[in-house]
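Asker: how would this look folded up:
(one chain, ligands or ions: 2)
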Amino acid sequence: MADDSQRKRIAESIAPLRVKPGSKVSLAHDFDPRFKAGVKKKKRGVEMLAEGVRLLSEYQSRLAAQDSWGVLVVLQAMDAAGKDGTIRHVMSGVNPQGVAVHSFKVPSATELDHDYLWRYAQKLPARGEIGIFNRSHYEEVLVVRVHPENLERQKLPEAARDGNVWKRRYREINDWERYMSDNGFRVVKLFLNLSKEEQRRRLLRRIDLPDHNWKFSTADLKERAHWDDYQDAISECLSHTSTEWAPWYVIPADRKWYARIASAAVIVNALMEIDPRFPVVDDEQRKALLDVKAQLEAEAPKGAAPDPFEEEQKLAESPAS
Ligand code: AMP
Ligand code: MG
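Answerer: Ligands and ions are numbered 1, 2, ... in the order given. Reported below is the predicted structural model:
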């Protein structure tokens, strides 16, 4: 587990990335995609990521064993910002049984037949699990807002389209996340903040490297044409949905290695705050275990140690002769 100085260092490193609840965000003015707080060299960054990955793996075992809290990690970004690579690196040390990643695409006909949060609710993590949303319910106030034809497809009754749909959705999303956090599910929200120029570079790379061609979609270019509309929709979304119970973190994403350590740090920080513990047995349960131990020891075949594990431990502890 993290010691106090590590805890403090991690908490301090992510403080500048947090969107203060109630503040009015202008993405372009308030957050620099090239920011790399204090980490001068990529090499140091790589060491820090290894440390983050190790901590994450340790906390995840505790989270699973305690089986009381769940964690939902929400990842939002423009195309080519590195969502997939971040998930791959940050989760690389974690037991796959304890993590589930869900990617959300254009909604299906069945999904459009339900309320807009329905499909996300189906994929929420269970207690003890870390769930990752690769895109999320936030698409409902981002792509759906930038391209209003998406809202048309949602078949909303007249009354649900009256007034300010987006303001209402912000409130509904905040309420939903509050409900989750009140009931033992931590919502950790990361926006990977990429610059327009770095996106241009990465899209070209996808075209220039044959092994990366499959990643390129002409849809990415169409969305890029709406860059400013997205920046506005994102700024407004961050302003209205960063809450005390589920604050947003804006992750500088122009340097992939920095985006990865910063993302790991935010997730580790959430786990440190939950501080999950391995359950300990009470006296009665302990006594029952000792009874079973005596039974198993009595079953030792001739010549075998009654408790070979205890034997090995003693050997390991005794100074080498
Ligand atoms: P990708 O993540 O690159 O595979 O692309 C998934 C696409 O689905 C993106 O263009 C998203 O904007 C789009 N998408 C995700 N959620 C929604 C939604 N609720 N409504 C419309 N489009 C969506
Ligand atoms: Mg894409």
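Asker: what residues does the stretch 1-150 of the chain put near ligand 1?
Answerer: By Cβ under 6 Å from any ligand atom, the residues of the stretch 1-150 of the chain that approach ligand 1 are F104, K105, V106, P107, R135, E139, E140, V143, V144, N150. Bear in mind the C-beta positions are built from the backbone N, C-alpha and C, glycine included.
Asker: going through those, which ones are buried?
Answerer: Buried subset of these (neighbour count, 16 or more other Cβ atoms under 10 Å): F104, P107, R135, E139, E140, V143, V144, N150.
Asker: what does stretch 191-202 contact?
Answerer: 27, 31, 33-34, 75-83, 86, 224, 227, 234, 238, 248-254, 259, 263 (Cβ atoms under 8 Å, 6 or more residues apart in numbering).
Asker: kindly apply the preceding question to stretch 253-267 instead.
Answerer: 10, 13-14, 17, 33-36, 39, 42, 45-46, 48-49, 52-53, 55-56, 71, 73, 77, 81-82, 85-86, 89-90, 130, 188, 190, 192-195, 198, 249, 251-252.
Asker: any of those residues buried? List them.
Answerer: 10, 13-14, 17, 33, 35-36, 39, 45, 48-49, 52-53, 55-56, 71, 73, 77, 81-82, 86, 89-90, 130, 188, 190, 192-195, 198, 249, 251-252.
Asker: just the ones of those residues in strands?
Answerer: The strands, defined by DSSP state E, take in V71, V73, A77, I130, V188, L190, L192, N193, Y249, I251, P252 from those.
Asker: what sits against the last one?
Answerer: With contacts taken as Cβ under 8 Å, 6+ apart, P252 has the following neighbours: L17, F31, D32, P33, R34, F35, K36, N193, Y258, A259, A262.
Asker: how close does R9 get to A265?
Answerer: R9 sits 9 Å away from A265, going by Cβ to Cβ, to the nearest Å.
Asker: more neighbours: those two, which one.
Answerer: The neighbour count for R9 versus A265, taken as other Cβ atoms under 10 Å, is higher for A265 (27 against 14).
Asker: look up how far D32 lies from A15.
Answerer: Separation of A15 from D32 (Cβ to Cβ): 15 Å.
Asker: now do the strand or helix carrying F133: everything it contacts.
Answerer: According to DSSP states H and E, F133 maps onto strand 130-134. Residues from elsewhere that reach strand 130-134, judged by Cβ under 8 Å, 6+ apart: 60, 63, 70-75, 83-84, 87, 91, 94, 98-104, 120, 123-125, 267.
Asker: give me that answer again for 6 Å
Answerer: 71-75, 83, 87, 99-103, 125 (Cβ atoms under 6 Å, 6 or more residues apart in numbering).
Asker: and the buried ones among the residues you listed, selectable in ChimeraX?
Answerer: In ChimeraX, this line selects whichever of the contacts of strand 130-134 come out buried by 16+ other Cβ under 10 Å:
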select :71,72,73,74,75,83,87,99,101,102,125
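Asker: closest to ligand 1 out of the contacts of strand 130-134?
Answerer: S103 (6.1 Å; Cβ to the nearest ligand atom).
Asker: low-confidence regions, the stretch 201-321 of the chain specifically.
Answerer: Counting by pLDDT under 70, the ranges of the stretch 201-321 of the chain that qualify are 320-321.
Asker: and K302, how many neighbours?
Answerer: The tally of other residues near K302 (other Cβ under 10 Å) stands at 4.
Asker: so it is in which element?
Answerer: Counting by DSSP H and E, K302 is part of no helix or strand.
Asker: all further residue positions should be reported with the first residue as 279.
Answerer: Shifting the count to begin at 279 puts that one at K580.
Asker: I'd like to know how far it sits from P586.
Answerer: 14 Å.
Asker: how about the helices in the stretch 479-599 of the chain?
Answerer: Along the stretch 479-599 of the chain, counting by DSSP state H, counting those that start in this stretch, helices occupy 496-502, 505-519, 534-552, 561-576, 586-595.
Asker: of those helices, which approaches ligand 1 most closely?
Answerer: helix 496-502 (5.8 Å).
Asker: the closest one packs against which elements?
Answerer: Under the contact definition 3 or more Cβ pairs under 6 Å, 6 or more residues apart in numbering; DSSP states H and E, helix 496-502 sits against no other helix or strand.
Asker: list the contacts of D506.
Answerer: Applying Cβ under 6 Å, 6+ apart, no residues contact D506.
Asker: sorry, back to before: pipe the helices of the stretch 479-599 of the chain into a markdown table and attach distance to E450 per row.
Answerer: Shown next, in a markdown table, are the helices of the stretch 479-599 of the chain (distance: least, Cβ to Cβ, whole Å):
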| stretch | distance to E450 |
| --- | --- |
| helix 496-502 | 25 |
| helix 505-519 | 10 |
| helix 534-552 | 23 |
| helix 561-576 | 44 |
| helix 586-595 | 54 |
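Asker: ok, which of those helices comes nearest Y457?
Answerer: helix 505-519 (14.3 Å; Cβ to Cβ).
Asker: ok, back up a step: tell me the most buried of the helices of the stretch 479-599 of the chain?
Answerer: The highest average neighbour count among the helices of the stretch 479-599 of the chain, using mean count of other Cβ atoms under 10 Å, belongs to helix 534-552 at a mean of 23.
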